[in-house]
Structures are given as C-alpha cells and as structure tokens.
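*Asks:* would you be able to build a 3D model of this:
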Amino acid sequence: MSASYPTPTVVFPTAGPRPASANSAETMVLIALILQVIGGLILFVAFAALIGVSLAHPFAYAWVAISVVAAIAIVVFVFLYFAYTLCYERIRRGDYVGAQTPTLVIGILSVFAGVIPGIFYLIGYAKLGDAIREQQAPVPGYGLPAVASPGPALVACKNCGRVHPMGAFAFCPSCGQKLGA
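*Replies:* Residues are numbered from 1 along each chain as shown. So this is what the prediction gives:
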C-alpha cells in the first residue's frame, strides 16, 4: 500500500452474499448523484455564461453576481464530493451502517436544494436499513449447518445406573455409591 492509501483499520463483514436491499440503496444513491452532477453542470454553465455576459456587457455589480454564483458552484461540488465518499463509496464497500447516517443527512439537505435527488437519497437511506437487517438475519444455506447443543454433561451411577448431572452430587442419592471416576 502507498502512503496516500493507508491500510483500512476497520474490517467490514464480507461473509455471505450482498443483501438485495444494498444493491437497491446503491442504485438510489447513484441516481441521486447523477442528478446532482447534472444540476452542478447546469450551474457551471450558468457561471460561465454570467462571466461571458459581464465581460461583454459590464454592469455595476457584476463581481457580486459572479461571486455568488461561484460560491454556490463551489458548495455544490463540495457537497457532491462528500455525498460520493460518505454515501456511495461506503455502500460499495459494504459499510451499510457507516453509510446510513450520511445518506440521511445528505438526503435531508438535498430535499431543500433539489427535491428529486433528496427523495432518492431518502429512499436509499431506507434501503440501507433493510440491508442492515438482511445482513444480520441468518441466511439459510450459507455457513455451517446448525449443530444441536449437547446440553449439560451427565454421569451414570455404576451401582444403580441412575443418571445425574455431572458435579451436582459427589455420591449417588439413591444408593450412596461414589459418582465420577
């Protein structure tokens, strides 16, 4: 491993197949990211057009308009970066618990910024909860077969044949014979 990509300290569970809800959550978050990228590109084009208009036809407060649009564009792209790294990448790695809270927060914030991506994030959050429950539930057919527990150890009296729990009696309560070895 290189210095820029340190070895992860958290080992995520990989046993068993990936829950179906995790695939749905990943798809929902990816759709929301794509819609936000489209919105960000539209904002970038508006920023470029505003700069072009202010250069061709200067007006008094062109620098304010450019600054506001630039600040909004920067916030959008930082938001996209965090949504990708905290939500989508964690879902792809299998860290559904770690992706659940950021997906909810980004979903709520996205509802205010753009309704449709926010709805997709919130659906992805619900699917992450389902994936966590599916991952915790035992999956039939995977893993080792169930083995019945042997129960408490028993010892039989050599004299009368009665069976008693091991260690409960030093001598047989029925005949008085020493139990054990």
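*Asks:* list the contacts for the residue minimising distance to the centre of the chain?
*Replies:* Nearest to the mean C-alpha position of the chain, by CA atoms, centre = their mean, lies Y96 at 1.4 Å. Taking CB atoms under 8 Å, 6 or more residues apart in numbering as the criterion, Y96 is in contact with P19, A22, A25, R90, L128, A131, I132, Q135. Placement of C-beta: from N, CA and C, glycine included.
*Asks:* please settle this for me: is the last one part of a strand?
*Replies:* No: when the secondary structure is assigned by DSSP: H, G, I helix; E, B strand; the rest coil, Q135 falls in helix instead of a strand.
*Asks:* pull out the buried residues from stretch 21-37.
*Replies:* For stretch 21-37, a neighbour-count test (16 or more other CB atoms under 10 Å) marks 21-22, 24-26, 28-33, 35-37 as buried.
*Asks:* what does stretch 66-76 give?
*Replies:* V69, A73, V76.
*Asks:* roughly how far does the residue nearest to L104 when sequence neighbours are not counted sit from E134?
*Replies:* Excluding the flanking residues, the one nearest L104 by CB to CB, 6 or more residues apart in numbering is Y125, at 4.7 Å. Going from Y125 to E134 by CB to CB, to the nearest Å gives 15 Å.
*Asks:* who's more crowded, the two?
*Replies:* Neighbours were counted for Y125 and for E134 using other CB atoms under 10 Å; Y125 has more, 23 against 17.
*Asks:* wasn't the more buried one part of a helix?
*Replies:* Yes: in this structure, Y125 lies within a helix as judged by three-state DSSP.
*Asks:* surely it touches P102?
*Replies:* No: taking contacts as CB atoms under 8 Å, Y125 lies outside contact range of P102: 9.3 Å.
*Asks:* low-confidence ranges, the protein, go.
*Replies:* Confidence mapping of the chain against pLDDT under 70 gives the ranges 1-16, 138-151, 181.
*Asks:* please enumerate the helices of it.
*Replies:* For the chain, applying DSSP state H gives helices covering 20-56, 62-83, 89-93, 96-113, 115-136.
*Asks:* can I get those in CSV with distance to L154?
*Replies:* Formatted as CSV, the helices of the chain follow (distance: least, CB to CB, whole Å):
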stretch, distance to L154
helix 20-56, 46
helix 62-83, 61
helix 89-93, 49
helix 96-113, 43
helix 115-136, 35
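*Asks:* for these, which one sits closest to K178?
*Replies:* Among the helices of the chain, helix 115-136 comes nearest to K178, with 49.1 Å by CB to CB.
*Asks:* I'd like to know which elements the closest one is packed against.
*Replies:* Contact partners of helix 115-136 among helices and strands, from 3 or more CB pairs under 8 Å, 6 or more residues apart in numbering; DSSP states H and E: helix 20-56, helix 96-113.
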